[in-house]
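Participant: after the sequence you'll find the predicted model.
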Amino acid sequence: MKLTERRLVVAGFSVHAFTALGAIAGLLALAAILDGRIREGLIWLIVCQLLDGFDGPIARKLDVKTHAPQLNGHTLDLVIDYATCVVVPVVLMIELQMLPPGWDIVIASLIFFTYALWFARSDQETEDFWFNGFPASWNLVIPTMLILEINSSWVIISSIVICLLQLTNLKFPHLIKVKTLRPLTLSLAAVYFLAMTALSLEYPTGPDVLKPILLIAPIYIISLMIWRTFVANKGEPELEPNN
């Protein structure tokens, strides 16, 4: 094996290792939440999101499918996402009693059930990288509802609606892969994460002026979903390979 090829193999496995760090970050988030260190738990969830956001573009750039084929990056993502996007946020919701008594197990079970079904879908993404059904990023949804102090009744309603959306073919954008309005999408995502980080660092006493910012990105995503599902014709498939 040539030196250059060897370096590419090492780089490929390093990317998989970078992705797997999300499991450790998720564990640290879970431990912090169970220990009542909510600020720390929220920050570790943000770290999980950042790892999940950066690993895909790096993997595609280095073509890890070719240079480290022994590990399946998509499967690795799914395993980690189930922990960091479902288990940890749901534990956060239960620990902080965001639901009325008796509703916690009901909603948690519904989230686990529908998310498992969505993970098993063979049509998770369209050819132009829009998700079929809401990918249910509970690591975004639940912390947002927590910081915005959403009424428990609305937490129930929102959770049920999101679970049902997972089972539809409504088109939700992959924030990084979808080229449509990508600069605006990434800009709003960055603003959201900065506001979420600032509010998480000072939870529960973060500056109220930042809280409305957390609503901008969800409204934008819903608008994109409506446009792509009901208005736009399917465009040419994008050429970036899947991770």
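Facilitator: Alright, I've got the coordinates.

Participant: taking the centroid of the protein, which residue is nearest it?
Facilitator: Most central in the chain under C-alpha atoms, centre = their mean is Ser137, positioned 4.0 Å from the mean C-alpha point.

Participant: let's see the pLDDT reported for the closest residue to that one other than its chain neighbours.
Facilitator: The shortest distance from Ser137 to any non-neighbouring residue, by C-beta to C-beta, 6 or more residues apart in numbering, is to Cys85 (5.6 Å). Just so you know, the C-beta spots here come from the backbone N, C-alpha and C atoms, and that holds for glycine as well. Confidence at Cys85, expressed as pLDDT, is 93.

Participant: would you say Cys85 is within a helix?
Facilitator: Yes: membership of Cys85 in a helix is supported by DSSP: H, G, I helix; E, B strand; the rest coil.

Participant: coming back round to it: hang on, isn't the residue nearest to the centre of the chain packed against Val86?
Facilitator: No: the pair Ser137 / Val86 is not scored as a contact, 9.5 Å apart, by C-beta atoms under 8 Å.

Participant: with only the CA atoms kept, save the lowest-mean-pLDDT helix or strand in the chain in CSV.
Facilitator: The least trusted helix or strand in the chain, going by mean pLDDT, DSSP states H and E, turns out to be helix 64-67, with a mean of 84. Once side chains and other backbone atoms are set aside, the C-alpha atoms of helix 64-67 remain, and they are given as CSV (Å, rounded to 0.1, in the frame of the first residue of the first chain):
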residue,chain,number,x,y,z
VAL,A,64,-14.6,7.3,3.5
LYS,A,65,-16.8,4.8,1.7
THR,A,66,-13.8,4.0,-0.5
HIS,A,67,-11.0,4.3,2.0
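
Participant: other SSEs contacting it?
Facilitator: For helix 64-67, the contact count by 3 or more C-beta pairs under 8 Å, 6 or more residues apart in numbering; DSSP states H and E identifies helix 3-34 as packing neighbours.

Participant: between the next helix or strand after the helix it packs on and helix 3-34, how many degrees?
Facilitator: Sequence-wise, the next helix or strand beyond helix 3-34 is helix 38-62, with elements assigned using DSSP states H and E. When axes from the mean of the first three to the mean of the last three C-alpha atoms, to 10 degrees is applied, the directions of helix 38-62 and helix 3-34 differ by 160 degrees.

Participant: excluding chain neighbours, what is closest to Ala116?
Facilitator: With C-beta to C-beta, 6+ apart, the residue lying closest to Ala116 is Tyr82, at 7.9 Å.

Participant: these two touch, right, that neighbour and Ile111?
Facilitator: No: no contact is recorded between Tyr82 and Ile111 when judged using C-beta under 8 Å, the distance being 11.0 Å.

Participant: intersection of neighbour lists for the two?
Facilitator: Contact criterion C-beta atoms under 8 Å, 6 or more residues apart in numbering; no residue bridges Tyr82 and Ile111 by contacting each.

Participant: among the two, which residue is more densely surrounded?
Facilitator: Per other C-beta atoms under 10 Å, whichever of Tyr82 and Ile111 has more neighbours is Ile111, with 24 against 15.

Participant: from Thr205, how far off is that one?
Facilitator: Noted for Ile111: a distance of 28 Å to Thr205, by C-beta to C-beta, to the nearest Å.

Participant: same deal with Leu188?
Facilitator: Look at Leu188 and Thr205: by C-beta to C-beta, they are 25 Å apart.

Participant: again, but for Gln166
Facilitator: As it turns out, when the distance is counted by C-beta to C-beta, Gln166 lies 34 Å from Thr205.

Participant: more neighbours: which of the two?
Facilitator: Per other C-beta under 10 Å, whichever of Gln166 and Thr205 has more neighbours is Gln166, with 23 against 7.
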